[in-house]
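Visitor: A structural model of the following input is requested.
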Amino acid sequence: MLEQLRRTLGLTFARWRFGGRGEEQVSFTRSVSDARHALLILPFERLDLVPIAPVLGVLRRKFQDKHITVITTMHSVDLMRSLPQGRFVRVEEKEISPFFLPRASMMQRLPRTEYDLAIDLNLDFKIPSGYICRASNARVRVGFAGTQSDVFYNFLIQTTPVPGKREVYERLAACLDMF
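Guide: Numbering: from 1, shown residues only. A predicted model of the protein is given here:
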């Protein structure tokens, strides 16, 4: 019950923080192919590169590694090998407030880059990753459809009725390839 109250307060703050900003109309035509810098937020649970490989493949084809920033909660040598020149920011548990929002110190560690594309790979909505995605000010912010997702993303991917994680990420990769 207390955790739900903290989540509600965190979401309320995020809505207030981002609610005043007007969203510009975005044409998704060529939005990915014209993008120069990407922010990729990896799932906040145990990282398995196999399911997210299709998305990594699309990003590697469309961006130079040095133009991809990866937000992760875990250290992964395999991931660093797959993006040798990528920039990595590791979010530690202590950098998330009791209201599930990233602390200012964590947000300051993000590279000062103007992101054109931000992708949150958390299948279940997570307040910290949604907040980071929205705060990136990326023109296109991709996330999975769910309760409260519209506050943080302007391009939502449906996860149902897809049977497994790999299939969901393949659907996302196919969507990104279209643009």
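
Visitor: Output the below-cut-off pLDDT ranges for the chain.
Guide: In the predicted model, the chain carries pLDDT under 70 at residues 20-28, 162.

Visitor: after the lengthiest helix in it, next one along is what?
Guide: With secondary structure taken from DSSP state H, the chain has its longest helix at helix 2-19. Once helix 2-19 ends, the next helix or strand along the chain (criterion: DSSP states H and E) is strand 38-41.

Visitor: Each with direction, which strands does that next one pair with?
Guide: strand 68-72 (parallel), strand 117-120 (parallel) (DSSP bridges).

Visitor: Turn the ones you listed into JSON lines, columns for mean neighbour count and distance to residue 49.
Guide: C-betas here are computed from N, CA, C, even on glycine. Listed next are the strands paired with strand 38-41 as JSON lines, based on neighbours: other Cβ atoms under 10 Å; distance: least, Cβ to Cβ, whole Å:
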{"stretch": "strand 68-72", "mean neighbour count": "22", "distance to residue 49": "11"}
{"stretch": "strand 117-120", "mean neighbour count": "28", "distance to residue 49": "15"}
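
Visitor: Of all those strands, which one is nearest residue 13?
Guide: Set against residue 13 and scored by Cβ to Cβ, the strands paired with strand 38-41 come closest in strand 117-120, at 18.4 Å.

Visitor: what's that closest one in contact with?
Guide: 31-32, 35, 37-41, 55, 59, 126, 129-130, 132-133, 136, 138-144, 152-153, 172, 176 (Cβ atoms under 8 Å, 6 or more residues apart in numbering).

Visitor: helix or strand right after it?
Guide: Next along from strand 117-120, by DSSP H and E: helix 127-135.

Visitor: Among the strands paired with strand 38-41, which comes closest to residue 111?
Guide: That would be strand 68-72 among those, by Cβ to Cβ, at 5.6 Å.

Visitor: Just the C-alpha atoms of that closest one, please, in CSV.
Guide: Provided in CSV are the C-alpha atoms of strand 68-72 (Å, rounded to 0.1, in the frame of the first residue of the first chain):
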residue,chain,number,x,y,z
ILE,A,68,24.2,5.9,-29.1
THR,A,69,23.8,6.4,-25.3
VAL,A,70,22.7,3.4,-23.3
ILE,A,71,21.0,3.6,-19.9
THR,A,72,21.3,0.4,-17.9
